[in-house]
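Peer 1: no sequence on this one, just coordinates:
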């Protein structure tokens, strides 16, 4: 990113630079010069990248070689905005979340304080193996910049490399699929510092397995709109409020919450109530100790007879079956019950795939039997986003 780059205040710069060490000096310049930017995910097909650029309307695009391309029809950005970050698109078409500089600083400070308050060591070195086009990956770089902590940036996640090369005691942000890879490889996780795991539900059995390998895990909850995880192991950051709204919806309010969706005033208005509470798309409950429990996305709930079944709970129960490599659960129409629970299973071996009876018995040992699947559909793979989130709406019709 050469000195010839001219981005004026109130303009947005799109960053088309792949994940890797080049992001360390790049982030330093973007942050110190207060340049508002939007990372592009190199893993996305050109059509999706084009749609994001059309939505963002940046003044220019910075390429991997350091050159910039002027983008026609640029739209201004609010002076307080530091980052425009695309949502994962797991629940539909991605939106661009505008996050202020103060929100990023609050997210970094909140994480630091939450770890210290619970006795976790706040690591002085960091490892980034999530793309900076994911809020979790970008926050690692932001923390390095704000806290002046050294960071090692990997081009992609490699379980063996992480376990072998990470500086001892380093903090690492991961998604559950990455934890599963580390466990599968029987990595020595004791040499790492705190593993912050977010981006989706972490199976308790997988967490226990990682713990047996020496891992110290903190499960995080948040979303791009909240500047990443703002709830650690069920406890919200100081200054962040969490409540359960109508229909069990999780609602958030605090200093890390987004400014709004770029170029979408209607969606921004719908995302907040009149008191500034952010309406998430997730359902949850708060126990007597004030800890948040996330049940799943509201639109994923399966209504079968008089019962409500949350797919994540069923997926957790089925994932530990030794014949299951990957699994997703969804509701499908049923003439008598309204919906029935269907499991979409990637078997470890197509020649020894689990039967519906095996899966029902396995699930019933862990959850109420009425939540167990009534049908199993074998698939080669599950539809997921580039970041590994399940696209439940793209599962087969069953």
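Peer 2: Ah, there it is. Note that the coordinates shown come from a computational prediction; the quantities given were computed from them, not determined experimentally.

Peer 1: For residue 85, see how far away the residue nearest to residue 78 when sequence neighbours are not counted is.
Peer 2: Distances taken as CB to CB, 6 or more residues apart in numbering place residue 259 nearest to residue 78, at 6.4 Å, with adjacent residues excluded. C-betas here are computed from N, CA, C, even on glycine. To residue 85, residue 259 is 11 Å away according to CB to CB, to the nearest Å.

Peer 1: shared neighbours of these two, anything?
Peer 2: residue 99 (CB atoms under 8 Å, 6 or more residues apart in numbering).

Peer 1: Looking at those two, which is more packed in?
Peer 2: The neighbour count for residue 259 versus residue 85, taken as other CB atoms under 10 Å, is higher for residue 85 (25 against 19).

Peer 1: Please parse this protein into its domains.
Peer 2: Structural domains annotated on the chain: 102-239+284-296, 301-394, as defined by automatic domain parsing.

Peer 1: quick one: average confidence on the first one?
Peer 2: Okay, so that is domain 102-239+284-296. What domain 102-239+284-296 shows for mean pLDDT is 93.

Peer 1: Show me how far it is from its chain's centre.
Peer 2: Mean-position distance between domain 102-239+284-296 and its chain equals 11 Å (CA atoms, centre = their mean, to the nearest Å).

Peer 1: With the shortest one instead?
Peer 2: For domain 301-394, the distance from its own C-alpha centre to the chain's C-alpha centre is 22 Å (CA atoms, centre = their mean).

Peer 1: quick one: terminal-to-terminal distance for it?
Peer 2: Taking CA to CA, to the nearest Å, domain 301-394 runs 16 Å from one end to the other.

Peer 1: about what we covered before: pull the contacting residues for the residue nearest to residue 78.
Peer 2: 78, 80-81, 98-100, 103.

Peer 1: Phi, psi for the residue nearest to the spatial centre of the chain please.
Peer 2: Residue closest to the average C-alpha location in the chain (CA atoms, centre = their mean): residue 199, at 2.4 Å. Backbone dihedrals for residue 199, given as degrees, to the nearest 10, come out at phi 90, psi 0.

Peer 1: now swap in residue 236 and tell me
Peer 2: In this entry, residue 236 is assigned phi and psi values of phi -80, psi 150 (degrees, to the nearest 10).

Peer 1: Okay, buried residues for stretch 325-342 please.
Peer 2: Judged by neighbour count using 16 or more other CB atoms under 10 Å, the buried positions of stretch 325-342 are 326-332, 337, 339-342.

Peer 1: Many thanks, I have nothing further to ask.
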